[in-house]
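Participant: below: sequence and its predicted model.
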Amino acid sequence: MRSKRALRECSVFEALDDTELDRLDALTTAKEYEAGTTVFGEGSVAEALYVLESGKLAIQMQIPMSQEQLSKKVTVDIVSANEVFGWSAVVVPYRYTLTAVCLEHSSVLAIDAVKLRTLLQDDIRIGYEVLSRLTGVVASRLDQTRHVLISERLLSTRA
Amino acid sequence: MQSTELRAVVASESSEARRLLTGVVQKEPGVVVVGWAGNALEATSLARSLRPDIAVIDAQLPHIMGQDMVRMSHMGGLDAAISVSQELPRARVILLGNMNVAIRQADGLDYAIGLCTKKNGEGNIPVKLRVLDGELPQEPGLVFAHLGVEHLASGRRKATDIGERAIMYGGLTIMAGFSLILTVLLAPAGVFLALAGVLSVVLGWAVKATAEWWPKPSPADKEFSGMVAEVVKGGER
């Protein structure tokens, strides 16, 4: 099955065996988005954790800036194929902290947030393996956000 | 629909990409590129000062400094596009999602390249800048597009193929000629074959070299036809 293959190729789920992937696959819906579509907006309820099968997305954050500055939204990361996004689906208060916009036509797998949280609580092994890797994604995104915002944007304000 | 010239600005980090984009944009009659930007801040300030009708922006645009200077740069394309479309609501802003990939794909002799959109993820639907400009302003005036790359069966490719074949068969003929010479009895025929092989190799090399040295038009200058996608049911699958 295509969605199961895509889940296996995603590093967050790499430690799961076939049976565990089947359980995860049952919570998954395949979706397609045209370029320019917003998959989710900052502050909205996190209804799914997403895996990007193909395409490219920009992760943007809203920042308060003056009129002379570039934009009130700044791209802090680009998501490529086989990467996870929308990690807020498993972290309280279950609201997206950033906005995801498709730069190209994108195929994604949406894993239902409520059912995923139930699965992670019910099966401790799946919970540990998925959450430990997801923490790495969160840390990496925070690092990139910090890096982009502090270095480049700070320098640009002096330009 | 106005008949006046449309003014465009293009933004991409590399000069090669800007040259290619300029060719692609100016291929449409009545469209002229009036400004070039190498990063997102340049693009917005250029758009602010020139107030173009069209802005074509590479999505992998550095915010200001480039990847060599700042890790995780090349994320400024969407920011610049949103900013320009907000500041110039009548302008058509085209964000290109695959600039680098398209340049790599078209890095050959026989390709044409053009601005396209997809329909439900399929096809290369050519973007006509004048048609975009003629549309009523939409909110936002931002078009997510890509560069379509088409392979062309050109005379140059045919000439190169013929030259390579002539060299290969010439080499085989030379070997066959030498084999006959070794038999002594058929040596005259062998000499004839070997000479014919040498001639074939020389001619083949000359044809191949001419094809390679012939002036190479940019992929942007070649006619791009595009393929209209069949409209299929969209949304979730």
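Facilitator: Great, that's in hand.
Participant: domain parsing for chain B?
Facilitator: Chain B breaks down into these domains under automatic domain parsing: B:6-152, B:155-213.
Participant: now the strands for chain A?
Facilitator: Using DSSP state E, the strands of chain A run over A:28-33, A:38-40, A:48-54, A:57-62, A:73-79, A:84-85, A:99-102, A:106-112.
Participant: lowest average confidence across those strands, which one?
Facilitator: Among the strands of chain A, strand A:73-79 carries the lowest mean pLDDT, a mean of 83.
Participant: elements contacting it?
Facilitator: Judged by 3 or more C-beta pairs under 8 Å, 6 or more residues apart in numbering or on different chains; DSSP states H and E, strand A:73-79 is in contact with strand A:57-62, helix A:124-147, helix B:77-87. C-beta here means a position set from N, CA and C on the backbone, and glycine is covered the same way.
Participant: most neighbours per residue, which of these?
Facilitator: The highest mean neighbour count among the helices and strands packed on strand A:73-79, using mean count of other C-beta atoms under 10 Å in any protein chain shown, belongs to helix B:77-87: a mean of 25.
Participant: output the contacting helices and strands for that one.
Facilitator: strand A:57-62, strand A:73-79, helix B:40-50, strand B:54-58, strand B:92-96, strand B:142-151.
Participant: tilt between whichever strand or helix holds B:G177 and strand B:142-151?
Facilitator: According to DSSP states H and E, B:G177 maps onto helix B:155-182. Put simply, helix B:155-182 runs at 30 degrees to strand B:142-151, going by axes from the mean of the first three to the mean of the last three C-alpha atoms, to 10 degrees.
Participant: for the following helix or strand past helix B:155-182, buried residues please.
Facilitator: Using DSSP H and E, the next helix or strand after helix B:155-182 towards the C-terminus is helix B:187-213. In terms of neighbour count (16 or more other C-beta atoms under 10 Å in any protein chain shown), helix B:187-213 has its buried residues at B:G190, B:L193, B:A194, B:A196, B:G197, B:S200, B:V201, B:G204, B:V207, B:K208, B:A211.
Participant: ignoring the adjacent residues along the chain, who's closest to B:I54?
Facilitator: Once flanking residues are discounted, B:I54 sits nearest to B:A8: 4.0 Å by C-beta to C-beta, 6 or more residues apart in numbering or on different chains.
Participant: what residues are bridge-paired with that neighbour?
Facilitator: B:V33, B:I54 (DSSP bridges).
Participant: and the residue of chain B closest to chain A?
Facilitator: Going by C-beta to the nearest C-beta, chain A is nearest to B:F144 of chain B, at 3.4 Å.
Participant: wouldn't that residue be in contact with A:A35 here?
Facilitator: Yes. Counting by C-beta atoms under 8 Å, A:A35 is a contact partner of B:F144 at 3.4 Å.
Participant: what touches both of the two?
Facilitator: The contact sets of B:F144 and A:A35 overlap at A:C102, A:L103, A:E104, B:G97, B:T117 (C-beta atoms under 8 Å, 6 or more residues apart in numbering or on different chains).
Participant: A:E53 and B:I181: what is the separation?
Facilitator: Using C-beta to C-beta, to the nearest Å, we find A:E53 at a distance of 63 Å from B:I181.
Participant: ok, these two, which is more surrounded?
Facilitator: A:E53 (21 against 16; other C-beta atoms under 10 Å in any protein chain shown).
Participant: B:Y169 against B:L203, yeah?
Facilitator: No. Using C-beta under 8 Å, B:Y169 makes no contact with B:L203, being 10.8 Å away.
Participant: before we move on, back to that, quick one: list the elements packing against the helix holding B:G177.
Facilitator: helix B:187-213.
Participant: report the distance from the helix it packs on to the chain centre.
Facilitator: Distance, stretch centre to chain centre, for helix B:187-213: 35 Å (C-alpha atoms, centre = their mean, to the nearest Å).
Participant: helices and strands of chain B: which one has the lowest mean pLDDT?
Facilitator: helix B:129-134 (a mean of 69; mean pLDDT, DSSP states H and E).
Participant: find the closest residue to chain B in chain A.
Facilitator: Closest point on chain A to chain B, by C-beta to the nearest C-beta, is A:A35, at 3.4 Å.
Participant: so what's that residue up against?
Facilitator: Residues counted as contacts of A:A35 (C-beta under 8 Å, 6+ apart) are A:C102, A:L103, A:E104, A:H105, A:S106, B:G97, B:T117, B:K118, B:F144, B:A145, B:H146.
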